[in-house]
Structures are given as structure tokens and as C-alpha cells.
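Visitor: Predicted model and sequence below, questions to follow.
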Amino acid sequence: MAMRIAVAIPCYKVTRHVLGVIAAIGPAVERIYAVDDACPDGSGKFIEEYNHDERVRVLYHPKNRGVGGAVVTAYQAALADDMDIVVKIDGDGQMNPALIPHFVRAIVQGKADYTKGNRFFRPESLKGMPPIRLFGNAALSFINKLSTGYWPIMDPTNGYTAIHTAVLRELPLDKLERRYFFESDMLYHLSIIRAVVHDVPMDAVYADEESNLKVSRVLPEFMLKHVQRFFKRYVYVYLVRDFNLGSLYSLFGALLSTASPVFGAVQWAHSAATGQPASSGTVMLAALPLLIGIQCLIAFLHHDVSSVPTEPLAGDLDAR
């Protein structure tokens, strides 16, 4: 039986492009949810007036909830309509609807629970990407690997995504970030339930719409949120849900890497106060635990990398 595919389109100041986006969505898609996120340009009314595609259903927010809030509204509508896969694209023309079959293929084949775009897959895809965005995305991609444990994944802020609704039902939709951190927060929550995530190569496209996302402003905020989620994931995955070799590596690594510099600083202060140089044994006692601690932390990272989920959840969830 063919899977029922829906498309979610958050609509905020996209009246110049959204009709073209809808028109480019292929016949494999059964339902299109256009979410007017309290758009000052009246995107919802504009679509209802000029759109002739019967698949489109316009949803309205009385107050702006951000891109994450708009996508969650579309997700909830798709769940209520018993859709199987929900693809999220933007309405500003920067995400090519012709790629939808590529995003749903791995989910349909039972190889992934969630797919997302990756503009870093090949050098040609980066043409036109501003240098500040390139740097910001590269930095966020690395810290996202730490916070989510999805080490093979790049471009975490990419909003072109697809998800199986069986997996969507397992996520706490009411707890997801509502604004620009939404895509990264999705990856964090997917990692907690051990969903399989695949990247889909795509090109970076910049239309004439002005982005509200300023990398210089959001990078520090994103970094802080990623650090918070790293510690949340670590506590839950390595201390609460399971206690394994990675837990031992991380605890011993953190203990030795912290205690060694403290011991060394105390000995240095003592030598400075007394005028007596530290003995070679004292120096070794300060340095050796630090080296061992670093090795333990590297071993922990190796364990984390090797623990990336590989068995999709959707099949087992559907069988319940």
C-alpha cells in the first residue's frame, strides 16, 4: 500500500513565492498544509484566494509562533488526517519541491525515520552561500554532533525535512523549540528515541527574500542551547537509561582531566610561595592523570560515534 505523503509549508511573508512552490509540488503528495503564522501580509487569505490546488488546506495562527510552531501545527494536522510521511519545505522558493521524492525515498524503503537536507555534501552546492553563513553552519554542525550524537549528520539548521508519522507520534511536540532552533531541537529529541536520520544532498538556493536569521546573533544562542542539550542527552543516555563502557570512560576522563590541573595548580602555587621547585615525581603526578583523562574522553567520543542508531523505528512502531 502506498504511503500517504503530506507537505507542511510555514507561511510568513512569502506571498511572492508560495503559489509557485505549491504549483511545483508533484502528484505523489496527497495533502498540503499551508500555515499562516499570523503573517502581516495575509499569506493564508492570499493562498485561499489565488490557489486552485484542492490538496491545499490553510491553517491559521492568531499569534506568531515562529517556524517551529507553524510546523508543529502542520504535524498535528497530518497526524489527525492519518498521513504517513510529512515533508516540510519553506514557502520562499529556496527549497525545490522536485526534491520531495528524494526526501521520502529512504523512509518509504524503511531505511530511515527522518531525512533532512545537507548543503555541504558537495562543493558545488555551496555556491552563493555567504561566508558568514558557511562558517556559522560549519560551527553549528560540529556542536550539533556533540549535542545529538548524530555524528554523520551535517547542516543541522537545514529546514528541508521529512519524517515518518509513526516516529512523529513518539516526540513531545509541545516541548519542541518554536523558532529558529526548531530543526536542531528535532534532532536532539530524535536522538533520545534513537530514530535513524539520513542526510539528503541538496544545493543552497537564495531567493530575493530577506532572511530573518542573523548568524552573528543566533550563533551564541544556538551554542548555549546545544551545550545544554549535550548534558541532558549525556545524563539520560549514559547515566539514567543505561550505564556502559562509555559512561565509565566519560566519568574517569572528566575526573582525571579536572583533578590533574587542580593538583598541578596547587603544587605550582606552593613552589612559588616557598621558592622550592617541584620534584620530577610531582610534575609526573600532575601531568600523567591529565594525559590518561584525555585518552578516556577520546575513548568516550569513539563510543558515542559508534552508537549512532542504525535500525529505523518506524516499522516496529507501526506494528504495535
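Guide: Cool, got the structure.
Visitor: When you work out contacts or count neighbours from here on, use the C-alpha atoms and nothing else.
Guide: Fine.
Visitor: Now the residue positioned nearest the centre of the chain: closest residue in space that isn't a chain neighbour?
Guide: To find the centre residue of the chain, average its C-alpha atoms and take the closest one (CA atoms, centre = their mean): that gives residue 184, at 2.8 Å. By the measure of CA to CA, 6 or more residues apart in numbering, the closest residue to residue 184 outside its immediate chain neighbours is residue 156, 5.6 Å from it.
Visitor: hang on, the earlier thing: next one: the residue nearest to the centre of the chain from residue 155, what distance?
Guide: Here the distance between residue 184 and residue 155 works out to 9 Å (CA to CA, to the nearest Å).
Visitor: and if you look at residue 146?
Guide: As it turns out, when the distance is counted by CA to CA, residue 146 lies 14 Å from residue 155.
Visitor: ok, those two, which is more surrounded?
Guide: Legend: neighbour count by other CA atoms under 10 Å for residue 146 and residue 155, higher for residue 155 (24 against 21).
Visitor: State which helix of this structure is the longest.
Guide: Secondary structure of the chain per DSSP state H: the longest helix is helix 245-274.
Visitor: and it, what's its mean pLDDT?
Guide: The predicted model gives helix 245-274 an average pLDDT of 93.
Visitor: Quick check: which ranges of the chain have low pLDDT?
Guide: Along the chain, the parts satisfying pLDDT under 70 run over 1, 125-126, 128, 206-216, 319-320.
Visitor: Could you check how far the residue nearest to residue 318 when sequence neighbours are not counted is from residue 82?
Guide: Here the nearest residue to residue 318 in space, its sequence neighbours aside, is residue 166; by CA to CA, 6+ apart that works out to 6.3 Å. The gap separating residue 166 from residue 82 is 10 Å, by CA to CA.
Visitor: More neighbours: those two, which one.
Guide: For residue 166 versus residue 82, neighbours defined as other CA under 10 Å are more numerous around residue 166 (21 against 14).
Visitor: quick one: what helix or strand has that one in it?
Guide: Taking DSSP states H and E as the criterion, residue 166 maps to helix 165-168.
Visitor: following that helix, which helix or strand comes up?
Guide: Beyond helix 165-168 in the direction of the C-terminus, DSSP H and E gives the next helix or strand as helix 182-192.
Visitor: Format the CA atom coordinates belonging to the helix or strand following that following helix as PDB.
Guide: Next helix or strand after helix 182-192 toward the C-terminus (DSSP H and E): strand 197-201. Backbone C-alpha positions of strand 197-201 (Å, rounded to 0.1, in the frame of the first residue of the first chain) are rendered in PDB as follows:
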ATOM      1  CA  VAL A 197      18.400  10.100  10.400                       C
ATOM      2  CA  HIS A 198      19.700  10.400   6.900                       C
ATOM      3  CA  ASP A 199      21.100  13.400   5.000                       C
ATOM      4  CA  VAL A 200      19.800  14.200   1.500                       C
ATOM      5  CA  PRO A 201      22.200  16.200  -0.700                       C
END
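Visitor: Who does strand 197-201 pair with, and is each partner parallel or antiparallel?
Guide: strand 114-118 (parallel) (DSSP bridges).
Visitor: Pull out the buried residues from the partner strand.
Guide: When neighbours are counted by 16 or more other CA atoms under 10 Å, the buried residues of strand 114-118 are found to be 114-118.
Visitor: Same check on stretch 238-252?
Guide: Buried positions in stretch 238-252, judged by neighbour count with 16+ other CA under 10 Å: 238, 246-252.
Visitor: Could you find which two of those residues are furthest from each other?
Guide: In terms of CA to CA, those reach their longest pairwise distance at 238 and 252, which sit 13.3 Å apart.
Visitor: follow-up on the earlier one: the residue nearest to the centre of the chain and residue 190: what is the separation?
Guide: Distance of residue 184 to residue 190, computed by CA to CA: 10 Å.
Visitor: try residue 81
Guide: Relative to residue 190, residue 81 is positioned 22 Å away (criterion: CA to CA).
Visitor: For residue 20, the count of nearby residues, please.
Guide: By other CA under 10 Å, the residues close to residue 20 number 15.
Visitor: same for the helix or strand it falls within, what does it pack against?
Guide: Element membership for residue 20 (DSSP H and E) is helix 18-23. Helix 18-23 makes packing contacts with helix 43-50 when contacts are defined by 3 or more CA pairs under 8 Å, 6 or more residues apart in numbering; DSSP states H and E.
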